[in-house]
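A.B. asks: this is the structure alone, sequence omitted:
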């Protein structure tokens, strides 16, 4: 485990909440206080807003990355979901969040279509990330194959991040404390 994953797996729910939403809040304060006129709220503020959103998204998916890889490593090898698409799907929303301001600043109308298609793919990736973490948690807790109806509540809690973090993170903390290191090496 690396230092970043270790932080997210040991952190309390309120610490992760403050980290992710604190970055968002600070970004908004910088956005508003950095502009001295309405004209300055144009391009520069769009870039700052994009950076704030991207940093918030980065914190959000780092938590998913840490939880997903850790939980997957605890699942029995015969039930373990594959990490390959999860790893790719976790990166896409962050890349999209950093790229959005350049889409908006371009005068090219075709970039709007590219942005919409990319955004749709980023949302699909986020849904898969939530599914992966929810399913991995269910597999760790029960040790049996699960369908979406079996872990749908966890899926919804993870999707509603501000609410779900208060319920899901304590379970991850318990698993991390009890098992510490992965029982099975992840693929």
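C.D. replies: Good, I have the coordinates. Because the structure is predicted, anything quoted here is derived from the model rather than measured. Numbers count the residues shown, from 1 in each chain.

A.B. asks: C-alpha from now on. contacts and neighbour counts both.
C.D. replies: Fine.

A.B. asks: helix or strand for residue 4, which one?
C.D. replies: helix 3-10 (DSSP states H and E).

A.B. asks: scratch that, residue 81 is what I was asking about
C.D. replies: Applying DSSP H and E, one finds residue 81 in no helix or strand.

A.B. asks: do the same with residue 133
C.D. replies: Per DSSP H and E: helix 110-142 holds residue 133.

A.B. asks: for that helix, packing partners?
C.D. replies: helix 43-74, helix 84-105, helix 148-159 (3 or more C-alpha pairs under 8 Å, 6 or more residues apart in numbering; DSSP states H and E).

A.B. asks: so for it, what gets flagged as buried?
C.D. replies: Buried residues in helix 110-142, counted by 16 or more other C-alpha atoms under 10 Å: 115, 118-119, 121-122, 125-126, 128-140.

A.B. asks: and the angle from that helix to helix 43-74?
C.D. replies: 30 degrees (axes from the mean of the first three to the mean of the last three C-alpha atoms, to 10 degrees).

A.B. asks: show me how far helix 110-142 is from its chain's centre.
C.D. replies: 9 Å (C-alpha atoms, centre = their mean, to the nearest Å).

A.B. asks: so who does the most centrally placed residue in the chain touch?
C.D. replies: In the chain, the centroid-proximal residue (C-alpha atoms, centre = their mean) is residue 61; its distance is 2.2 Å. Neighbour list for residue 61: 90, 91, 94 [criterion: C-alpha atoms under 8 Å, 6 or more residues apart in numbering].

A.B. asks: name the member of those residues with the most neighbours.
C.D. replies: Sorting those by how many neighbours each has (other C-alpha atoms under 10 Å) puts residue 90 first, at 23 neighbours.

A.B. asks: so it touches residue 131, yeah?
C.D. replies: No - with contacts counted by C-alpha atoms under 8 Å, residue 90 stays clear of residue 131, the gap being 11.8 Å.

A.B. asks: ok, and what's touching the helix holding residue 4?
C.D. replies: Contacts for helix 3-10 (C-alpha under 8 Å, 6+ apart): 16, 62, 63, 65, 66, 67, 169, 172, 173, 176, 177.

A.B. asks: how about a cut-off of 7 Å?
C.D. replies: Contacts to helix 3-10, defined as C-alpha atoms under 7 Å, 6 or more residues apart in numbering, come from residues 63, 66, 67, 172, 173, 176.

A.B. asks: what's the answer for stretch 127-134, then?
C.D. replies: Stretch 127-134 has contacts (C-alpha under 7 Å, 6+ apart) with 64, 67, 68, 86, 89, 90, 151, 154, 155, 158, 159.
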